[in-house]
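> I'll drop the sequence and a predicted model, then ask my questions.
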Protein chains: 2
Amino acid sequence: MAATTWEDSVKSLKGVILDMCGVLYDAGEDGGSPIPGSVEAVKRLKASDLQLRFCTNETQATREVFVAELQRMGFDISVCEVFSPAPAAVAVLKERGLRPHLLVYNGVLPEFDSVEKTNPNCVVIGDAAEKFSYRNLNDAFRVLIALEKPVLFSLGRGKYYKEDDGLKLDVGVYMKALEYACDVEAEVIGKPDPMFFQKVLDDMGIQSHQTLMIGDDLVNDVGGAQHCGMKGVQVRTGKYRPSDEKHPTVTADGYVDNLSEAVETILKLRGQ
Amino acid sequence: MAATTWEDSVKSLKGVILDMCGVLYDAGEDGGSPIPGSVEAVKRLKASDLQLRFCTNETQATREVFVAELQRMGFDISVCEVFSPAPAAVAVLKERGLRPHLLVYNGVLPEFDSVEKTNPNCVVIGDAAEKFSYRNLNDAFRVLIALEKPVLFSLGRGKYYKEDDGLKLDVGVYMKALEYACDVEAEVIGKPDPMFFQKVLDDMGIQSHQTLMIGDDLVNDVGGAQHCGMKGVQVRTGKYRPSDEKHPTVTADGYVDNLSEAVETILKLRGQ
């Protein structure tokens, strides 16, 4: 599909965007653990002449708490470098005067503190994990079905992610459930929404063809980035499955065993 | 859409199929309560020259327990007149040598007693209500995603039903969730599957054009029956919503306020 391999475009790169869960660390009950070599790889990218941003669909914690956790693992990352769906959703809600019924992880609730939530006229779902009980999903459904024109926002559309003890269902699965129940199409905030990627490019002040996205989610990271004109490389960590390399519609510009290998290749080709 | 109203076909009818929840009774935490006039309406149909069967996607109890509950409400119904998805699923599983991982309501589990369930190679979901927890849905997902070719059966594809305290999400919503998570299309057992309706017709020994289906679910009862060549009438009880009468793809052959009105009309037109 790609006329050139990703290595051919490395010299013209001006920036790199990294997905976080499954690239930097594996999530887990205890907060997760870094993927071997990733802490060092981030450090090397930061010391290079490339711009670096982090783009996640993580919605289980505020960015502040989330970044503190990554710092604890040893990553040199600051809040202003991280783009996540909840702050983007808050901006959309305020712009459109919408009052959300929230079905999100408790940890991310503080991101929505400044939003009016009484008498809701839309529903926002994020990766709520254990909070995706029958009762909670039913409550969200009842809010939607009572609206003349239901409005549903989904913070990402991922199918599943990997934690220490195995694969776990992600928000996209519950988005599909509510879409079917209410005959509505959700508005996705987060990857692979092009608007979401564009904000990251704007922040770096560079063009999409100068940018490489590295992620473990073939469709949302790699395919989403390619759709915006970036190169997309998939790591064989996190939720990667061998069948991804034979996917019917998305072909990565490259596959690497892990972030460390990707960074090694990039810096070598750039003579750094 | 219909060239004639359903009343015009009443004289040539040989049988009637009734949906149960929302037509005979409203479900509720305490077992539910009969819809006014429905007990008498069933009695009058049974006393007529029409054949009568009951066709439900109910999967919260065995047919024996379910029918006993309806008898307690005063309905003259016996187990052999009731067609429900679980026994049909058991037949399919045995025919194909499949061992199910079950995500169904506890009450219906005994229907599957005779089926081998170790080392599952498919998933069967029914209306599991509160059992549709994040953990249980994740367990079903993990069974499916580990199979080379995931096989998912759904006992019905309903979106929601009505209980005393409001609308509740039905199995179809969770079917869509797992379909999306695993890139698989579920095999539906129950209404509106034509095979399921055909078994009811076979049992009565009559043709579809001689049969009227009465239900509260426009798509699964009315549309499903019409798809098989029956007439389909919607009652304005149960999950009925006024917007059903302006549905983009399904138009009932008639609408009645309740089962009592339908039976009154049928018997009057047949001079009984």
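Received, thanks. Predicted model only: the values in this text are computed from it and were never measured.
> all helices for the stretch 51-200 of chain A, in order.
Using DSSP state H, counting those that start in this stretch, the helices of the stretch 51-200 of chain A run over A:63-72, A:85-95, A:134-145, A:171-182, A:194-204.
> so which of the ones you listed is the most packed in?
Neighbour counts (mean count of other Cβ atoms under 10 Å in any protein chain shown) averaged over each of these peak at helix A:171-182, with a mean of 25. All C-beta atoms are positioned from the backbone trio N, CA, C, and that covers glycine.
> which neighbouring elements make contact with that helix?
Judged by 3 or more Cβ pairs under 8 Å, 6 or more residues apart in numbering or on different chains; DSSP states H and E, helix A:171-182 is in contact with strand A:122-125, helix A:134-145, strand A:152-154, helix B:171-182.
> got the CA positions of it in CSV?
Coordinates of each C-alpha in helix A:171-182 appear next as CSV, following Å, rounded to 0.1, in the frame of the first residue of the first chain:
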residue,chain,number,x,y,z
VAL,A,171,-15.4,2.3,25.1
GLY,A,172,-16.1,1.7,21.4
VAL,A,173,-17.9,-1.5,22.3
TYR,A,174,-20.3,0.4,24.5
MET,A,175,-20.6,3.2,22.0
LYS,A,176,-21.9,0.6,19.5
ALA,A,177,-24.3,-0.8,22.1
LEU,A,178,-25.9,2.7,22.7
GLU,A,179,-25.8,3.5,19.0
TYR,A,180,-27.9,0.4,18.2
ALA,A,181,-30.2,0.9,21.2
CYS,A,182,-31.1,4.5,20.2
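> hmm, back to that, could I get the helices of the stretch 51-200 of chain A as CSV with mean pLDDT?
Below are the helices of the stretch 51-200 of chain A laid out as CSV (pLDDT from 0 to 100):
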stretch, mean pLDDT
helix A:63-72, 94
helix A:85-95, 95
helix A:134-145, 98
helix A:171-182, 98
helix A:194-204, 94
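> can I get those in TSV including distance to residue B:268?
Shown next, in TSV, are the helices of the stretch 51-200 of chain A (distance: least, Cβ to Cβ, whole Å):
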stretch	distance to residue B:268
helix A:63-72	68
helix A:85-95	56
helix A:134-145	36
helix A:171-182	38
helix A:194-204	61
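> tell me which of those lies nearest to residue B:219.
helix A:171-182 (11.6 Å; Cβ to Cβ).
> turn the helices and strands packed on helix A:171-182 into JSON lines, including distance to residue B:239.
Below are the helices and strands packed on helix A:171-182 laid out as JSON lines (distance: least, Cβ to Cβ, whole Å):
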{"stretch": "strand A:122-125", "distance to residue B:239": "20"}
{"stretch": "helix A:134-145", "distance to residue B:239": "11"}
{"stretch": "strand A:152-154", "distance to residue B:239": "20"}
{"stretch": "helix B:171-182", "distance to residue B:239": "12"}
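> so which of those comes closest to residue B:44?
Across the helices and strands packed on helix A:171-182, closest to residue B:44 is helix B:171-182 (Cβ to Cβ), at 32.3 Å.
> angle of the closest one against helix B:85-96?
40 degrees (axes from the mean of the first three to the mean of the last three Cα atoms, to 10 degrees).
> quick check, distance from helix B:171-182 to the centre of its chain.
19 Å (Cα atoms, centre = their mean, to the nearest Å).
> so that helix versus helix A:134-145, what angle?
Using the same axes, to 10 degrees: helix B:171-182 against helix A:134-145 is 100 degrees.
> and of the helices of the stretch 51-200 of chain A, who's closest to residue A:215?
Short answer: helix A:194-204, nearest of these by Cβ to Cβ, at 11.4 Å.
> neighbours around the closest residue to residue A:191 other than its chain neighbours, how many?
Leaving aside its sequence neighbours, residue A:191 sits nearest to residue A:220 (Cβ to Cβ, 6 or more residues apart in numbering or on different chains; 4.5 Å). The tally of other residues near residue A:220 (other Cβ atoms under 10 Å in any protein chain shown) stands at 24.
> for residue A:220, what are its contacts?
A:57, A:156-158, A:191-192 (Cβ atoms under 8 Å, 6 or more residues apart in numbering or on different chains).
> now with 10 Å?
A:19, A:57, A:156-159, A:170, A:172, A:188, A:190-193, A:250 (Cβ atoms under 10 Å, 6 or more residues apart in numbering or on different chains).
> can you tell me how far residue A:26 is from residue A:238?
Taking Cβ to Cβ, to the nearest Å as the measure, residue A:26 and residue A:238 are separated by 7 Å.
> quick one: low-confidence ranges for chain A?
A:1-4 (pLDDT under 70).
> can I see the domain layout of it?
A:2-84+A:192-269, A:86-189 (automatic domain parsing).
> and of the ones you listed, who's closest to residue B:204?
When the domains of chain A are compared (using Cβ to Cβ), the closest one is domain A:86-189, at 32.6 Å.
> just to revisit the earlier point, out of the helices and strands packed on helix A:171-182, nearest to residue A:212?
strand A:152-154 (26.4 Å).
> residues touching the closest one, excluding its own?
A:57, A:85, A:88-89, A:92-93, A:98, A:100-102, A:122-127, A:140-141, A:143-144, A:171-172, A:174-176, A:178-179, A:181-182, A:184-190, A:193.
> quick check: which of the helices of the stretch 51-200 of chain A is nearest to residue A:34?
helix A:63-72 (8.5 Å).
> report all helices and strands that that closest one contacts.
Secondary-structure packing of helix A:63-72 (3 or more Cβ pairs under 10 Å, 6 or more residues apart in numbering or on different chains; DSSP states H and E): strand A:51-55, strand A:82-83.
> let's see it at 8 Å
So helix A:63-72, by 3+ Cβ pairs under 8 Å, 6+ apart, packs with strand A:82-83.
> near chain B, which residues of the stretch 101-250 of chain A?
A:128-135, A:137-138, A:141-142, A:145, A:159-160, A:166-169, A:172-174, A:176-181 (Cβ under 8 Å from any Cβ of the partner chain).
> picking that back up, can I get the domains of chain A in TSV with distance to residue B:198?
Output for those, formatted as TSV (distance: least, Cβ to Cβ, whole Å):
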stretch	distance to residue B:198
domain A:2-84+A:192-269	35
domain A:86-189	26
